[in-house]
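A.B. asks: Sequence first, then the predicted structure:
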Amino acid sequence: MEVQKLQPYEFEEINKRLVDRYGKFDNGFPYFRLIWSEDVLEKRIFHHTAEGFELLNPEVREVPKYQHYIKDRYILEGLVEIPTQVETDLITKISYEPIRTFETSKGEFLIPRWDAMHFILETIRGNQEDKQIDYDKVLGIDEDLPPEEKLRLKHERVTKLIEEIWE
């Protein structure tokens, strides 16, 4: 089944919004980015050939990052620093790691949505900073509504997000 990919301008707009909302790391890389699984390569150190023979000298190869387990999907990634005590075959000390693959629980393709990404990232950020998350703001609920209406809308919008992006 062929998937309907985002138009390039839509893809760029989402990544621009991610930078505008969440910023960049000290090195200029965005904290979060949306990628297409087939487009991402990473540099790794190899000690063996593809056939399993040990190399006299390790070599760096650029290899597809997700080819073995995520095919034809959009992925929301977050930039993390790799602790010095962690042994890895990556050649960098930072790495983009997957936060959300845009597919249903049945593995069906999903188009990435800003509201879903924003909800996920605000939840992560709130948990990392150990702060109360203003879900009314995240979900676009008018602060002047009565509390019972806010609660009803919050429940409705979260339920709809869950149904649309996780089921």
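C.D. replies: Alright, I've got the coordinates.
A.B. asks: secondary structure element for the most centrally placed residue in the chain?
C.D. replies: Taking C-alpha atoms, centre = their mean as the criterion, residue 76 is the residue nearest the geometric centre of the chain, at 1.8 Å. Remark: residue 76 resides in strand 74-81, with elements defined by DSSP states H and E.
A.B. asks: Counting neighbours, which bits of that strand end up buried?
C.D. replies: Residues of strand 74-81 classed as buried by neighbour count (16 or more other C-beta atoms under 10 Å): 74-79. (Glycine included, C-beta is placed from N, CA and C.)
A.B. asks: which neighbours does the longest strand seen in the chain have in its sheet, and in what orientation?
C.D. replies: When every strand of the chain is counted residue by residue (DSSP state E), the longest turns out to be strand 54-64. Based on DSSP bridges, the strands next to strand 54-64 in the sheet, each with its direction, are strand 41-48 (antiparallel).
A.B. asks: C-alpha coordinates for the partner strand, PDB please?
C.D. replies: What follows is strand 41-48 as a C-alpha-only set of coordinates in PDB (Å, rounded to 0.1, in the frame of the first residue of the first chain):
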ATOM      1  CA  LEU A  41      21.500   8.000   7.800                       C
ATOM      2  CA  GLU A  42      23.900   7.800  10.800                       C
ATOM      3  CA  LYS A  43      27.600   7.200  11.100                       C
ATOM      4  CA  ARG A  44      28.700   4.100  13.000                       C
ATOM      5  CA  ILE A  45      32.000   2.500  13.800                       C
ATOM      6  CA  PHE A  46      32.200  -1.100  12.500                       C
ATOM      7  CA  HIS A  47      34.600  -3.700  13.700                       C
ATOM      8  CA  HIS A  48      33.400  -6.500  11.300                       C
END
